[in-house]
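# Okay, predicted coordinates and the sequence, questions at the end:
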Amino acid sequence: EEGLEASPAKRFLADEATVVYQGEVRCVSRQQQSQPFGVGTMTRPIQEDLPAQQQHIAERLQGFDAYMEQLLKDWNAPGVGVGIVAGDKLVLAKGYGYRDFEKKLPVTPTTLFPIASNTKLFTAVAAGLLVEEGKLTWDEPIRDAIPAIRFYNNELNNMVTLRDMLAHRTGITRHDSIWYQRDSFSRKDLFNRIKYLEPEVALRQMFLYNNVMYAAVGYIIEVVSGKTWEVFARERIFEPLEMRNTVYTIADMLKQSDYGVPFTEKRESHDLYKIPYYEETGASAPAGAIISSIEELSHWLTALMNEGKYAGKQVLPPSVLKATLEPAIAQPNIVGETWGWWERLNSVYGMGRMTASYRGHLMTDHGGAIDGFHSQVSLLLQKNIGVTVFVIGDHCAQLRDVVTYNLYERLLELPHTPWSERGLHVRQKDKQAGKQARAKAGAERIPNTRPSHPLLDYVGEYEHLAYGILKIDMKDDNLQFNFGRILLPLT
């Protein structure tokens, strides 16, 4: 903002610390630091003992507000939230654009966003707490602790470990249609249906993202602890970290006053429109149901960066956090190989997060995506700096990476990488290709043909052991696909 660019950051003094307050750089005395600022604004002092290249963070962020304003225009983005944690302090928490585009309500540090798959690290850590207690193990067959679990074949039954399930290396692909847009299955149902999922590749040979495995681990936590995943995570993680407003459901989010509303761009134009919240997260909650804010996720980042300590207390075991970082399965360099962009190299998934080299600096991160909401939670492990980015809008989802990388380059004083320009080129190309493809839809259809059977012959219920029942109905003399909450015309 204007205040940030007009007011250069003051150097640290023995009795003062620099903070960013509503975009303006100020020096605050130690006595003032202990007192709250205004409601709705979260600002904390920058530590004086940060590594030398991380001092004077406010100076390095000069021009960032103008950059963000341009990004919102270029990407037609409804709203973005940004947080930076340095050491054990939230040094920047700010919103850009709107949490509710229609009502023009601004994004704030306390705006609640669904963080989607950034939930996974919470689930991995929750499971790790039971490993610490000796009730589970990372690397012994999971059936040793949970005899009821069954996989597709005996090889998987005898070999799959908790680490395999949390590292997406079971060889079983996503199968998201089992849970997405459906509320008929319980978490236990998903757990019991794993045995019908045939692996695509051999165990530990390929990274295959799998939300169902995280749902199953959530059920395992319940079996072992006697508490649901939701209760266990709240009692053992949220409450010690003072994440009091963090919730699991859209219904609970809407009871609060400050929350994001999903808007995205229409396919055929640049108009923004409101889309429904995704609410059927009950069974799959351990894979992606947490709803939190920049402010409260800073508590989580603080613990991750400080060996499990928060507010002077040991909240999470360091050994568990270390285990989630241990390399489990390599990922291909798709971005570099496809586009020639090699700034990020050699991602390796651990459990609930991955590590990679970003321009020579060790980074750990994870993304989150659910209808209308996108997030990135990341840390530079050797610099003790973390960044959280929230984005509203499916069409501008890539901003979670664009903003994250830009912030790290500013903080590390690295030359600017044109991530936004690159992403915009791809986005515009894809949007145009989509329009052209839709314009050709049906062009290859042969007229004056008819099905080999009367339409009524297709009507009925078709069952898959894992996916359940698919219904083909007749409506207004046309066939209709009916699966969960998905209704589509077939003729």
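Yes, it's here. Residues are numbered from 1 along each chain as shown.
# Next secondary structure after the strand ranked longest in the chain?
The longest strand of the chain (DSSP state E) is strand 89-100. Next helix or strand after strand 89-100 toward the C-terminus (DSSP states H and E): strand 105-106.
# Off-centre distance for that next one?
22 Å (CA atoms, centre = their mean, to the nearest Å).
# Tell me which strands it pairs with, and in which orientation.
Strand 105-106 has the following strand partners under DSSP bridges: strand 89-100 (antiparallel).
# Show me what the mean pLDDT comes to for the partner strand.
What strand 89-100 shows for mean pLDDT is 96.
# So which residues of the stretch 351-491 of the chain form strands?
In the stretch 351-491 of the chain, the strands defined using DSSP state E, counting those that start in this stretch lie at 354-358, 361-370, 373-380, 385-392, 460-464, 468-475, 478-483, 486-489.
# Which among these is found nearest to Ala437?
Of all those, the one in closest proximity to Ala437, counting by CB to CB, is strand 486-489 (17.9 Å). For glycine as for every other residue, the C-beta is placed from the backbone atoms N, C-alpha and C.
# Can you name the residues in contact with the closest one?
For strand 486-489, contacts defined as CB atoms under 8 Å, 6 or more residues apart in numbering pick out Gln181, Asn478, Leu479, Gln480, Phe481.
# on that earlier part again, would you mind getting the angle between the longest strand of the chain and strand 385-392?
Computed by axes from the mean of the first three to the mean of the last three CA atoms, to 10 degrees, the angle separating strand 89-100 from strand 385-392 equals 0 degrees.
# Pull out the buried positions in strand 89-100.
Residues Lys89, Leu90, Val91, Leu92, Ala93, Lys94, Gly95, Tyr96, Gly97, Tyr98, Arg99, Asp100 are the ones in strand 89-100 that count as buried (16 or more other CB atoms under 10 Å).
# before we move on, back to that, who wins on neighbours among the contacts of strand 486-489?
Leu479 (18 neighbours; other CB atoms under 10 Å).
# And the longest strand of the chain, how far out from the chain middle?
On the basis of CA atoms, centre = their mean, the separation between the geometric centre of strand 89-100 and that of its chain is 17 Å.
# The strands of the stretch 351-491 of the chain: which one's closest to Asp401?
Nearest of the strands of the stretch 351-491 of the chain to Asp401, taken as CB to CB: strand 373-380 at 6.2 Å.
# Against which helices or strands is that closest one packed?
On a contact count with 3 or more CB pairs under 8 Å, 6 or more residues apart in numbering; DSSP states H and E, strand 373-380 meets strand 113-114, helix 294-305, strand 361-370, strand 385-392, helix 399-411.
# Now do the buried residues in the third one.
For strand 361-370, a neighbour-count test (16+ other CB under 10 Å) marks His361, Met363, Thr364, Asp365, His366, Gly367, Gly368, Ala369, Ile370 as buried.
# could those residues go into CSV alongside distance to Leu71 and pLDDT?
Formatted as CSV, those follow (distance: CB to CB, whole Å; pLDDT from 0 to 100):
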residue, distance to Leu71, pLDDT
His361, 22, 97
Met363, 21, 98
Thr364, 24, 98
Asp365, 19, 98
His366, 22, 98
Gly367, 18, 97
Gly368, 19, 98
Ala369, 19, 97
Ile370, 22, 96
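# ok, those vs Val459, which is closest?
Sorting those by distance to Val459 puts Ile370 at the head of the list, at 33.2 Å, by CB to CB.
# quick one: contacts for that closest one?
Pro114, Ala116, Tyr278, Gly288.
# what's the answer for Tyr277, then?
Tyr277 is in contact with Pro114, Ile250, Pro262, Asp371, Gly372, counting by CB under 8 Å, 6+ apart.
# Would you mind listing which of these are buried?
For those, a burial check counting by 16+ other CB under 10 Å picks out Pro114, Ile250, Pro262, Asp371, Gly372.
# With respect to burial, which of the helices and strands packed on strand 373-380 scores highest?
Stretch with highest mean neighbour count among those: strand 113-114 (a mean of 31; mean count of other CB atoms under 10 Å).
# Mind checking what helix or strand follows that strand in sequence?
Following strand 113-114 in sequence order, the next helix or strand is helix 120-132 (DSSP H and E).
# re earlier: same list, the buried residues of strand 89-100, but as CSV with distance to Ala443 please.
Converted to CSV, these look like this (distance: CB to CB, whole Å):
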residue, distance to Ala443
Lys89, 59
Leu90, 55
Val91, 56
Leu92, 51
Ala93, 51
Lys94, 48
Gly95, 45
Tyr96, 42
Gly97, 39
Tyr98, 40
Arg99, 42
Asp100, 40
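# Thr249 contacts Glu280, correct?
No - the pair Thr249 and Glu280 fails to qualify as a contact (CB atoms under 8 Å) at a distance of 10.3 Å.
# Run the chain-centre distance for stretch 376-396.
Mean-position distance between stretch 376-396 and its chain equals 9 Å (CA atoms, centre = their mean).
# Surely Ile84 is in a strand?
Yes - counting by DSSP: H, G, I helix; E, B strand; the rest coil, one finds Ile84 located in a strand.
# what separates it from Lys440, distance-wise?
Separation of Ile84 from Lys440 (CB to CB, to the nearest Å): 46 Å.
# which one of these two has more residues nearby?
Neighbours were counted for Ile84 and for Lys440 using other CB under 10 Å; Ile84 has more, 26 against 8.
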